[in-house]
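# Take a look and give me a structure for this.
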Amino acid sequence: MPITVNKQRVFQQLFTTVGRHAKTGEPETRPVLEQFVYAICREGVTRELADRAYRNLRESYYDWNEIRVSSPRELAETMDCLPNAEGRGQRVVDFLQEVFETTFSFDLESLAKKGLKQAAKQLGRYQAASEYVVSSVVQQSLGGHAIPLDKSALRVLSRLGIIENESETENLEALQASLEHQVPKAKGLAFCDTISAIASEHCHEEQPRCPACSLFQHCPTGQEMKHVAVETPNHRPKPR
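So this is what the prediction gives:
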């Protein structure tokens with residue numbers, strides 16, 4: 001029998017239980033261009049890993065122009081704590097190259113004057129952009145209410161029952177709008193960090209550690225796995 005999900009209770013648990021263990025302190029305030037690059041580092045990983053990679057990147061190069069003319073492989077060596085570091089390095093180089101070719105600088109602060117929708121639209125035109133990166137910039141540099149969603153976040157939300165079917169993940173804009181109604185702006189960052197912590201510590205793509213998760217009792221996936229474990233017969237032969 002399908003387990004009924006009380007979404008409000010799940011959200012409450014996210015903030016009151018797991019949120020205490022997530023890194024929910026205020027992040028460093030960054031200009032638009034820097035937050036874009038940081039979001040490339042942050043997508044799909046915890047803030048701790050992204051902070052380390054971004055710090056290494058900034059400390060290893062003199063300025064953004066030096067990063068722009070470096071090879072993706074060189075950047076990958078600097079950000080080797082991240083999965084797909086070379087692919088991320090390529091995105092960073094592509095982004096900085098596009099910005100330089102269009103503005104002859106590394107300054108995108110003029111976007112703050114365009115309004116959130118127009119700014120997001122312009123950010124989304126960059127080759128290195130993703131829905132996650134654009135939402136991250138809107139949330140942390142442009143003062144908007146946005147919930148950045150990467151693959152790991154979608155996995156957690158689906159298993160928790162907050163996302164009820166796969167069709168919701170096909171329309172990220174509508175899904176984000178729905179979450180923005182349920183997650184207060186003041187808790188947006190804590191929500192994202194909490195989901196990242198769950199994905200990293202427990203809700204792995206393969207072999208999730210459900211019993212160790214603080215949301216186990218409220219997670220339909222966790223409860224289903226528990227029932228399967230209980231109901232699955234033991235086929236090992238009895239010792240003679």
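
# Tell me the spatial nearest neighbour of Gly222, not counting adjacent residues.
When the adjacent residues along the chain are set aside, Gly222 lies closest to Cys210, with 3.9 Å between them (CB to CB, 6 or more residues apart in numbering). Glycine gets a C-beta too; all of them are placed from N, C-alpha and C.

# list the contacts for that neighbour?
Shown in contact with Cys210 (CB atoms under 8 Å, 6 or more residues apart in numbering): His202, Phe216, Cys219, Thr221, Gly222, Met225, Lys226.

# mind redoing it with 10 Å?
159, 202-204, 216, 219, 221-226, 229 (CB atoms under 10 Å, 6 or more residues apart in numbering).

# Lowest-confidence one in the residues you listed?
On pLDDT alone, Ala229 ranks lowest of the contacts of Cys210, at 50.

# Now do the helices in this structure.
Listed in chain order, the helices of the chain (DSSP state H) span 7-16, 32-42, 47-60, 64-68, 72-78, 85-103, 116-123, 131-140, 151-160, 166-170, 172-182, 188-201, 220-231.

# so what are the domain limits for the chain?
Here the domain parsing of the chain from automatic domain parsing is 7-24+148-227, 32-140.

# worst average pLDDT in those?
domain 7-24+148-227 (a mean of 83).

# Tell me who's in contact with the nearest residue to Arg42 once chain neighbours are set aside.
Leaving out its chain neighbours, the residue that sits closest to Arg42 by CB to CB, 6+ apart is Ala50, at 3.8 Å. Counting by CB under 10 Å, 6+ apart, Ala50 makes contact with Pro27, Tyr38, Ala39, Ile40, Cys41, Arg42, Glu43, Gly44, Met79, Cys81, Leu82, Ser196.
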